[in-house]
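# I'll drop the sequence and a predicted model, then ask my questions.
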Amino acid sequence: MRLILTAENPAPAGGIVTMARAVDGMAIRVARWHPDGDSLGTVVICTGRAEFIEKYLEIVGELLARGLTAVVFDWRGQGLSGRELSNRRKGHVDDFSIYERDLDALVGQVLGPFCPRPWFGLAHSMGGAILIAQSHAGRSPFARIVTTAPMIDLYRLRLPRLARLLAQVLDAVGLGAAFIPGGNARAALSRAFDGNTLTSDPARFQRFMALVAEDPQLAIGDPTIGWINSAFRLMAEFADAEYPRRVLTPMLVFSAGDDRIVDSRAVERFAQRLKAGSLIAIPAARHEIMMERDGVRTQFWAAFDAFIPGSSAAVQPLASSSIA
């Protein structure tokens with residue numbers, strides 16, 4: 001297993017890249033770094049859809065500087081991890097619960113043997129949705145979770161009921177492994193900075209594109225019908241007003257005011273109902289808050305540092321609150 005590096009995106013020293021094996025045999029690429037001296041805990045970066053380890057190397061360095069062990073992995077179906085389908089451009093799963101197999105492998109084969117507690121989750125978009133669902137089910141391994149723009153609902157989906165019904169029908173008739181209507185395998189290979197919905201920072205955007213150009217195997221295409229149908233099912237659960245009240249892991253949720261991928265209003269409504277959670281809204285941010293320009297990232301790190309304990313003391317839960 002290896003890292004794909006460029007001059008603009010070097011890896012912090014001392015990284016260890018390994019493969020974890022999920023219970024169903026899927027290979028999961030994992031990288032970890034340990035800070036100099038004693039570690040104050042471990043932060044597991046859970047990426048969004050179509051992302052990969054190398055995109056978060058800047059974040060890894062910033063975590064190490066805080067005295068934290070950093071772990072990043074590629075979900076099945078993306079990066080250099082294994083695939084459910086023979087076409088590597090299809091980041092497919094039949095159900096989002098399958099992603100928890102990747103987390104179980106991570107806990108059993110990487111976190112447990114090698115990474116000091118407390119363990120914290122740092123999740124973006126799809127990764128945030130997965131960690132929220134895992135916590136709701138009472139299975140979270142994390143003492144606290146930070147999530148940016150979690151995939152609670154999609155932004156301004158045209159004819160949402162029809163889209164959900166179409167995905168359900170196409171999946172039911174055996175087309176789950178096909179790209180969504182109008183989708184293709186080259187989505188991540190043809191992005192331009194102008195008009196992009198991810199970040200307003202051109203350098204960080206170009207750094208991502210340079211990684212994909214360096215090794216196109218890192219990239220995947222548009223979602224499959226099965227993936228989007230599974231996402232719709234999970235987002236329908238999030239829409240239940242009682243759902244966030246049953247998420248008990250202390251959680252810090254960031255919404256991006258200029259998000260054009262997930263619905264920031266849905267994120268904010270969900271976060272305000274958490275029993276042990278806080279919401280930070282960053283009005284000027286696009287979807288990828290951690291990949292934004294420095295002014296936005298300064299706000300992110302200030303809130304992160306106030307939430308993730310900078311000591312080896314036992315983590316105390318947030319004060320419970322009930323928000324109508």
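Looks like it arrived, so ask away.

# Okay, and residue 106 sits in which element?
Under the criterion DSSP states H and E, the helix or strand holding residue 106 is helix 99-106.

# Compute the distance between residue 9 and residue 185, please.
Distance, residue 9 to residue 185, using Cβ to Cβ, to the nearest Å: 24 Å. In this view, the C-beta of every residue, glycine as well, is placed from N, C-alpha and C.

# meant to ask about residue 264, not that
Applying Cβ to Cβ, the value for residue 264 to residue 185 is 29 Å.

# Also residue 19?
Distance from residue 19 to residue 185, by Cβ to Cβ: 25 Å.

# swap in residue 108?
Using Cβ to Cβ, we find residue 108 at a distance of 33 Å from residue 185.

# swap in residue 41?
Distance, residue 41 to residue 185, using Cβ to Cβ: 39 Å.

# neighbour count winner among those two?
With neighbours defined as other Cβ atoms under 10 Å, residue 41 and residue 185 compare such that residue 41 has more, 23 against 15.

# wait, that one sits on residue 111?
No: with contact defined as Cβ atoms under 8 Å, residue 41 does not count as touching residue 111 (11.1 Å).

# list the residues that contact both of these two?
residue 119 (Cβ atoms under 8 Å, 6 or more residues apart in numbering).

# Please enumerate the helices of the stretch 151-300 of the chain.
Assigned helices in the stretch 151-300 of the chain, in chain order: 160-170, 202-214, 225-238, 264-272, 294-307 (criterion: DSSP state H, counting those that start in this stretch).

# Just send the ones you listed back as TSV, with mean neighbour count, distance to residue 191 and mean pLDDT too.
Formatted as TSV, these follow (neighbours: other Cβ atoms under 10 Å; distance: least, Cβ to Cβ, whole Å; pLDDT from 0 to 100):
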stretch	mean neighbour count	distance to residue 191	mean pLDDT
helix 160-170	15	23	97
helix 202-214	17	7	97
helix 225-238	20	19	98
helix 264-272	20	21	98
helix 294-307	15	20	96
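
# Tell me which of those lies nearest to residue 23.
With Cβ to Cβ as the measure, helix 225-238 is the member of these nearest residue 23 (18.7 Å).

# Measure how far the closest one is from the centre of its chain, please.
Centre-to-centre, helix 225-238 and its host chain are 16 Å apart (Cα atoms, centre = their mean, to the nearest Å).

# Put the alpha carbons of it into PDB.
Listed next in PDB are the C-alpha coordinates belonging to helix 225-238 (Å, rounded to 0.1, in the frame of the first residue of the first chain):
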ATOM      1  CA  ILE A 225     -28.300   4.200  -8.700                       C
ATOM      2  CA  GLY A 226     -27.800   1.800  -5.800                       C
ATOM      3  CA  TRP A 227     -25.700   4.200  -3.900                       C
ATOM      4  CA  ILE A 228     -28.100   7.100  -4.300                       C
ATOM      5  CA  ASN A 229     -31.100   5.000  -3.400                       C
ATOM      6  CA  SER A 230     -29.300   3.900  -0.200                       C
ATOM      7  CA  ALA A 231     -28.400   7.600   0.500                       C
ATOM      8  CA  PHE A 232     -32.100   8.600   0.000                       C
ATOM      9  CA  ARG A 233     -33.100   5.900   2.500                       C
ATOM     10  CA  LEU A 234     -30.700   7.200   5.100                       C
ATOM     11  CA  MET A 235     -31.600  10.800   4.600                       C
ATOM     12  CA  ALA A 236     -35.300   9.900   5.000                       C
ATOM     13  CA  GLU A 237     -34.400   8.600   8.400                       C
ATOM     14  CA  PHE A 238     -32.600  11.800   9.300                       C
END
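
# Just want the angle from that helix to helix 264-272.
Interaxial angle of helix 225-238 relative to helix 264-272 (axes from the mean of the first three to the mean of the last three Cα atoms, to 10 degrees): 50 degrees.

# What is helix 225-238 packed up against?
Helices and strands touching helix 225-238, as assessed by 3 or more Cβ pairs under 8 Å, 6 or more residues apart in numbering; DSSP states H and E, comprise helix 126-136, helix 160-170.

# Isn't residue 232 up against residue 164?
Yes: counting by Cβ under 8 Å, residue 164 is a contact partner of residue 232 at 4.8 Å.

# Could you spell out the sheet neighbours of the helix or strand hosting residue 71, each with its direction?
Using DSSP H and E, residue 71 maps to strand 69-73. Strand 69-73 pairs in its sheet with strand 27-33 (antiparallel), strand 42-46 (parallel), by DSSP bridges.

# Could you check how far that strand is from the centre of its chain?
Relative to its chain's centre, strand 69-73 lies at 12 Å (Cα atoms, centre = their mean).

# Let's test this: mean pLDDT of it, rounded?
Mean pLDDT, computed over strand 69-73, is 99.
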